[in-house]
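I'd like to go over a predicted model; first the sequence, then the structure.
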Amino acid sequence: MARPIPLVEYNHDVYHSVANPSLHDALADFHALNAMHYINTSIRDCFLRHGVEKSFTACINHRHFDLSPSERNVEEPDGRAVATTESDNITPCSWLFHAGKLYPYEFKRAGNDDGEAAGEGVMEPPAAFVGELGAILVETGLCDVIGLQAYSEGVVGMESTDREKRVSTTRSYPEGAEELKSTRNSVVASFAFF
């Protein structure tokens with residue numbers, strides 16, 4: 001049995017030292033470590049074994065823009081993720097494994113999903129699942145490359161980032177949507193398991 005991994009508070013230093021500064025850099029690490037092999041085998045099996053595939057995905061750790069110590073990357077109800085100091089009514093929605101702990105690094109303001117009432121947030125990943133996934137990432141050397149992200153079953157998001165304005169916009173699509181298939185400059189950065 002994997003040892004428990006504590007879920008801890010956001011840490012600005014971890015965000016800036018672990019999350020790659022761009023998706024391009026993160027993808028280079030992902031490919032260099034043959035991460036797709038593990039996504040398709042031991043990581044997928046872990047998600048399915050714990051029955052969390054409808055609530056979480058594996059993701060490639062990256063940051064859209066730099067933050068000051070008082071800021072967080074928060075997805076607002078309109079789908080834009082912004083650098084903000086306003087942390088009322090936010091919950092973690094992306095986590096990264098580092099030094100034996102699970103750190104949140106992206107947040108979501110409650111009220112983003114259809115039917116989600118103000119004050120409700122993303123569920124916390126189960127401890128047994130986090131422990132096993134963390135052990136797999138340590139064993140494969142993927143701790144700083146692969147993270148964990150909240151997931152709405154059947155929906156995928158395409159992100160675009162304006163680094164200068166420090167805004168990332170996400171558009172949600174049903175899985176398999178024609179718009180996703182025709183996008184030439186898109187990159188898969190999150191992996192759902194069925």
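In hand now; what should we look at? Numbering: from 1, shown residues only.

The worst-scoring helix or strand of the chain on mean pLDDT: what's the following helix or strand?
When each helix and strand of the chain is scored by mean pLDDT, DSSP states H and E, helix 178-181 comes last, with a mean of 54. As assigned by DSSP states H and E, the chain's next helix or strand after helix 178-181 is strand 190-191.

quick one: strands adjacent to that next one?
Each strand paired with strand 190-191, and its direction, by DSSP bridges: strand 56-60 (antiparallel).

So what's the gap between the partner strand and the chain middle?
Chain-centre distance of strand 56-60: 5 Å, with Cα atoms, centre = their mean, to the nearest Å.

May I have the predicted confidence score for residue 166?
We have a pLDDT of 60 for residue 166.

Would you map the helices across the chain?
Counting by DSSP state H, the chain has helices at residues 12-18, 23-32, 35-38, 44-50, 127-140, 178-181.

Of these, which stretch is the most buried?
Mean neighbours per residue, mean count of other Cβ atoms under 10 Å, is largest over the helices of the chain for helix 127-140, with a mean of 19. Where you see a C-beta, it was placed from the backbone N, CA and C, and this is true even at glycine.

From the contact counts, what lies against that one?
Applying 3 or more Cβ pairs under 8 Å, 6 or more residues apart in numbering; DSSP states H and E, we find helix 127-140 packed against helix 35-38, helix 44-50, strand 90-98, strand 146-150.

Including distance to residue 80, could the ones you listed go into CSV?
Formatted as CSV, the helices and strands packed on helix 127-140 follow (distance: least, Cβ to Cβ, whole Å):
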stretch, distance to residue 80
helix 35-38, 29
helix 44-50, 28
strand 90-98, 14
strand 146-150, 17
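
Reformat those as CSV; add distance to residue 129 and mean pLDDT.
Below are those laid out as CSV (distance: least, Cβ to Cβ, whole Å; pLDDT from 0 to 100):
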stretch, distance to residue 129, mean pLDDT
helix 35-38, 16, 96
helix 44-50, 4, 97
strand 90-98, 12, 92
strand 146-150, 9, 93
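
for this protein, which spans come out with low pLDDT?
Low-confidence segments of the chain, defined by pLDDT under 70: 1-4, 111-122, 153-163, 165-187.

again, only this time at 90
For the chain, the stretches with pLDDT under 90 are 1-8, 15-27, 62-66, 75-83, 87-88, 99, 110-124, 144, 151-194.

Looks like residue 132 contacts residue 50 (just checking).
Yes - the pair residue 132 / residue 50 is scored as a contact, 7.0 Å apart, by Cβ atoms under 8 Å.

how close does the residue nearest to residue 84 when sequence neighbours are not counted get to residue 152?
If the residues on either side of it in the chain are set aside, residue 84 comes closest to residue 74, at 5.1 Å by Cβ to Cβ, 6 or more residues apart in numbering. Separation of residue 74 from residue 152 (Cβ to Cβ, to the nearest Å) stands at 17 Å.

which of the two has more neighbours?
Taking neighbours as other Cβ atoms under 10 Å, residue 74 and residue 152 compare with residue 74 leading, 21 against 17.
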